[in-house]
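A.B. asks: build me a model:
(one chain, ligands or ions: 2)
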Amino acid sequence: MNAVAHPVFRLEDYRQTPYTIPRTELCFNLHPEKTQVQAKLAFTPRQDTPAATPLVLDGDELILVSVAIDGKPLPQNAYSATADRLEIFNPPAAPFTLETTTQINPQANRQLMGLYRSNGIFCTQCEAEGFRRITYFYDRPDVLSVYTVRIEAEAKSCPVLLANGNPRESGALEDGRHYAVWHDPFPKPSYLFALVGGDLEAVHDTFTTAGGKKVALAIYVEKSKGNRALYAMDALKRSMRWDEEAFGREYDLDVFNIVAVSDFNMGAMENKGLNIFNDKYVLADPQTATDADYAGIERVIAHEYFHNWTGDRITCRDWFQLCLKEGLTVYRDQEFSSDQRSRPVVRIGEVRMLAAAQFPEDAGPLAHPVRPRQYAEINNFYTTTIYEKGAEVVRMVHTLLGDTLFRAGMDLYFQRHDGEACTIEDFIACFAETSGRDFSQFMLWYEQAGTPHIKAEFDFDEKGNSLTITLEQSLKSTPGQTEKQPMVLPVRFGLVGADGRDMAFQADNHVEGDVMVLSGKRQSFCFTGLKSRPVPSLLRGFSAPVTIELPLSDKDMAFLARHDSDPVNRWQALNRLLLKTCAQMAQTASAPDEQLVDLIGEIAGDETLDPAFRVMCLSIPSEAEIARVIDHDVDPERIFAAWQGLLAAIAQKHQVHFLALWQNIDRKAPYSPDAASAGKRALANILLDYLARAENAPQRAADAYGKADNMTDRIAALRILAHQFPHAEQTKAALQDFATRFAADPLVMDKWFAVQATRAGADTLEQVQALTEHPLFSYDNPNRVRALIATFAAGSQTGFNRADGKAYDFLAETILMIDKQNPQLASRLLTTMRSWRSLEKNRKGKIKTALEKIAHADRLSRDVNDIVTRMLHE
Ligand code: B3K
Ligand code: ZN
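C.D. replies: Numbers count the residues shown, from 1 in each chain. Ligands and ions are numbered 1, 2, ... in the order given. A predicted model of the protein is given here:
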């Protein structure tokens with residue numbers, strides 16, 4: 001194992017800082033290689049801070065140019081400064097001002113943390129610990145300060161100068177330079193600091209808040225891309241209105257700015273009043289963005305905007321509380337998307353995402369609680385557990401309390417904690433207080449890692465017309481947690497009668513309306529007054545992030561897939577049957593269940609159903625989902641054969657029917673990204689995929705590619721060609737055409753890389769390796785790396801898991817290379833291997849060798865070292 005020992009941070013070690021920083025004044029003299037940062041920080045000792053307590057500030061790769069206290073330069077023996085730490089040995093006992101000047105090199109900053117340049121634009125990313133790469137500071141979320149920021153830069157290359165808060169003044173300087181001053185009246189932690197300088201184009205708009213305040217909105221993008229930011233602007237205004245209506249939250253500054261940059265480690269960042277975005281989540285027009293891109297933009301714009309209250313006005317006390325802002329804000333963006341689109345379809349998407357990403361995380365070596373108790377590198381905890389499972393926990397609070405009490409709890413949280421750095425306990429206390437409910441056992445959701453499993457038993461008493469549902473919960477051990485306690489599991493349900501309607505019933509007192517609240521290890525719920533034997537539909541709306549085992553026959557399950565009044569459970573019932581048949585096919589090479597194949601055709605043709613819902617039903621579980629159900633000794637080749645076999649069976653059985661459905665979809669209206677139009681396109685495209693399988697010929701997809709007048713249809717046709725007919729002439733021609741049309745647009749070319757990287761087959765590796773040499777590919781840009789390398793590792797199960805292990809070696813080498821400049825990106829790539837232990841013996845051995853190679857490499861970043869150590873831990 002790598003010899004470098006990294007410190008571990010623990011929740012119980014939390015202590016306040018001895019000093020506070022009520023005011024922060026910064027002056028940036030922007031220069032690509034030599035930016036100087038003057039910081040003037042007002043420090044106040046806390047009441048209980050003993051005199052002469054040393055002041056110890058964080059830094060990272062900083063060069064200290066000067067340091068003074070209360071205007072007097074400090075003698076060398078009064079302090080010590082290294083690149084990552086500044087200590088003032090004996091600071092004044094009364095409030096004092098520390099002035100430092102540091103020098104940094106934005107051009108050389110390829111970690112994309114702190115101040116860096118992206119395509120000539122100066123921008124910042126400070127969460128979680130990037131501010132310390134700008135100046136010495138208490139770089140932790142519980143130190144809130146009011147910032148005033150002056151930026152000076154060359155006027156020609158940086159006409160736009162932005163920072164948090166409201167603009168205060170600006171003007172010309174000598175030597176072709178100019179300046180701008182920004183002031184943010186809301187105290188904030190350093191991770192929310194932001195600055196931008198560059199030659200950008202803006203789209204402007206205004207928003208008048210419910211309280212009548214007029215806010216100037218702007219989205220800044222690279223030159224000539226303004227017309228591609230209009231949808232993002234529309235999504236922003238809808239988000240602002242929605243937060244007023246759904247949560248009573250109004251915007252608070254005079255301006256709200258968004259800047260899109262092309263080099264960004266994640267989706268976007270919620271800096272106060274100045275959100276910085278990966279341009280992937282801003283830029284869209286029908287020719288370059290798919291319906292999924294539009295939905296992603298809407299979601300991320302909303303998410304970052306909603307952080308203004310859940311994250312910025314109320315922030316986290318320490319990074320262990322990350323889910324306080326992330327889980328809650330994901331819950332809020334999910335509710336927004338549900339209100340803007342089809343609620344059940346959005347929910348099914350969330351359930352799929354949890355099953356495909358969060359459940360595997362919970363089941364593997366990287367499992368951690370929604371609130372971890374320790375970390376070696378905080379950037380490794382921006383996970384689907386913190387975000388999506390964190391959102392599920394908030395959703396369960398809503399399920400237990402209902403709309404009114406939930407809203408009352410949120411109102412209390414905003415009122416009581418505005419301007420503070422909080423903990424999960426602060427948040428949950430608000431709901432406990434407004435509802436009078438005891439949340440002590442519920443807190444286990446934040447403490448215990450792993451996905452709870454429920455085993456259900458049904459016992460129907462014909463004579464008494466009563467039903468007893470017994471639920472038993474269990475939770476497997478996870479790294480560092482062997483003992484688990486029973487949790488509070490809200491199980492929303494209905495009892496479906498033979499006519500497909502929910503039956504009326506009387507229930508005992510652990511049933512709250514349509515929710516059984518399971519809190520013991522094993523508990524029975526008794527229902528009386530039933531007219532006949534119902535089919536229980538459990539976990540409606542996916543009311544808890546758990547797996548559930550139901551004593552239902554395939555016939556009952558198919559009944560629910562046809563008749564459940566809850567669309568999420570209709571889909572869920574179908575999905576269970578599909579997973580079961582796929583797993584059986586993979587394990588025994590059996591044929592698919594005929595009745596299930598018929599059922600798929602029935603739902604596909606049910607015009608009373610939302611097209612987007614039918615698409616969810618037609619998209620059979622992914623290979624990764626099937627692998628998760630099989631759980632051990634996973635052979636990706638066999639799973640692929642089963643997956644493909646089921647698709648082929650559906651396609652052949654329904655060829656004529658699907659052709660008629662496909663031809664009947666009315667596609668004459670001009671492109672519009674709304675959910676209803678997107679649903680129709682998605683239905684047409686999935687039917688086209690099945691038709692191509694049935695015909696076993698590329699021509700229909702090639703024609704669709706030629707006729708496509710929007711990116712959704714174009715990329716769908718290209719995917720069919722590249723995945724089903726990789727060697728066909730039509731495929732080569734379409735790939736070539738795409739590359740010619742979009743060569744100047746890196747974001748669009750990412751789709752071209754991804755389509756080729758996600759096809760099945762061992763030789764996909766050679767194709768990916770060849771594509772790394774493509775002039776438009778670059779290891780420096782995170783979007784390119786994700787499009788080609790990460791999608792290959794996650795999306796081509798047979799390619800990545802080829803039996804000779806060569807793809808594992810390729811990924812290991814790539815990770816080590818990227819780690820030298822961008823550790824966050826490298827460690828993200830590494831997590832694609834997290835389910836390695838479930839593979840069959842040969843592959844498991846090979847992937848382990850690749851992981852060990854990473855573990856033994858020299859000079860690993862803390863990020864990669866942390867992940868690889870946890871992945872290999874026995
Ligand atoms: N809060 C940021 C994520 C920062 C990630 C730092 N490694 C984006 C978001 O969740 O809104
Ligand atoms: Zn967030």
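A.B. asks: can you name the farthest residue from the center of the protein?
C.D. replies: In the chain, counting by Cα atoms, centre = their mean, Lys463 sits farthest out from the average C-alpha position, at 50.9 Å.
A.B. asks: which helix or strand contains it?
C.D. replies: No secondary structure element spans Lys463, as it lies outside all helices and strands (assigned by DSSP states H and E).
A.B. asks: how far away is it from Thr528?
C.D. replies: 12 Å (Cβ to Cβ, to the nearest Å). Just so you know, the C-beta spots here come from the backbone N, C-alpha and C atoms, and that holds for glycine as well.
A.B. asks: can you classify Arg117 by secondary structure?
C.D. replies: For Arg117, the reduced secondary structure class is strand; criterion used: DSSP: H, G, I helix; E, B strand; the rest coil.
A.B. asks: from ligand 1, how far off is Leu283?
C.D. replies: Distance, Leu283 to ligand 1, using Cβ to the nearest ligand atom, to the nearest Å: 18 Å.
A.B. asks: who in the protein is up against ligand 2?
C.D. replies: When proximity is defined by Cβ under 5 Å from the ion, the chain lies next to ligand 2 at Glu326, Thr329.
A.B. asks: where in the chain is pLDDT low?
C.D. replies: Within the chain, the set of residues satisfying pLDDT under 70 comprises 1-5.
A.B. asks: any idea how it splits into domains?
C.D. replies: Partitioning the chain according to automatic domain parsing yields domains covering residues 23-306, 322-549, 743-874.
A.B. asks: export these to CSV and tack on distance to Arg714?
C.D. replies: Conversion of the domains of the chain to CSV gives the following (distance: least, Cβ to Cβ, whole Å):
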stretch, distance to Arg714
domain 23-306, 9
domain 322-549, 22
domain 743-874, 9
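A.B. asks: tell me the SS of Ala586?
C.D. replies: helix.
A.B. asks: do Phe28 as well
C.D. replies: When states are read from three-state DSSP, the local structure at Phe28 comes out as strand.
A.B. asks: again with the one 5 residues further on
C.D. replies: Using three-state DSSP, the structure places Glu33 in coil.
A.B. asks: the closest residue to Thr849 other than its chain neighbours: how many residues sit nearby?
C.D. replies: Counting by Cβ to Cβ, 6 or more residues apart in numbering, the nearest residue to Thr849 once its immediate chain neighbours are dropped is Gly805, at 7.1 Å. By other Cβ atoms under 10 Å, the residues close to Gly805 number 18.
A.B. asks: same deal with the one 5 residues further on?
C.D. replies: When counting by other Cβ under 10 Å, one arrives at 20 neighbours for Phe810.
A.B. asks: other residues contacting the helix or strand where it lies?
C.D. replies: Taking DSSP H and E as the definition, one finds Phe810 inside helix 806-819. Outside helix 806-819, the residues within contact range by Cβ atoms under 8 Å, 6 or more residues apart in numbering are 765, 768-769, 779, 785, 789, 792-793, 799-801, 825-827, 829-830, 832-833, 846-847, 849-851, 853-854, 857, 860-861, 863-864.
A.B. asks: quick check: buried residues in that helix?
C.D. replies: Along helix 806-819, these residues count as buried under the neighbour rule (16 or more other Cβ atoms under 10 Å): Ala807, Tyr808, Asp809, Phe810, Leu811, Ala812, Thr814, Ile815, Leu816, Ile818, Asp819.
A.B. asks: tabulate those residues (CSV), appending distance to Val496.
C.D. replies: Rendered in CSV, the data for the buried residues of helix 806-819 read as follows (distance: Cβ to Cβ, whole Å):
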residue, distance to Val496
Ala807, 46
Tyr808, 47
Asp809, 52
Phe810, 50
Leu811, 47
Ala812, 51
Thr814, 50
Ile815, 49
Leu816, 54
Ile818, 52
Asp819, 53
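A.B. asks: show me where the stretch 651-800 of the chain has its helices.
C.D. replies: With DSSP state H, counting those that start in this stretch as the definition, the stretch 651-800 of the chain shows helices at residue ranges 655-664, 675-695, 699-707, 711-724, 729-742, 746-757, 764-771, 782-785, 791-795, 797-800.
A.B. asks: ok, the residue of the stretch 651-800 of the chain found nearest ligand 2 - contacts?
C.D. replies: Residue nearest to ligand 2 within the stretch 651-800 of the chain (Cβ to the ion): Pro782, separated by 17.3 Å. When contacts are counted by Cβ under 8 Å, 6+ apart, Pro782 is found next to Leu112, Asp263, Phe264, Asn265, Asn278, Asn822, Leu825.
A.B. asks: Ala694 now?
C.D. replies: Going by Cβ under 8 Å, 6+ apart, Ala694 touches Ala648, Ala651, Gln652, His654, Gln655, Phe658.
A.B. asks: where along the stretch 151-300 of the chain do the strands fall?
C.D. replies: With DSSP state E, counting those that start in this stretch applied, the stretch 151-300 of the chain shows strands at 160-163, 166-172, 177-188, 195-198, 200-208, 214-222, 255-261, 268-269, 274-278, listed in chain order.
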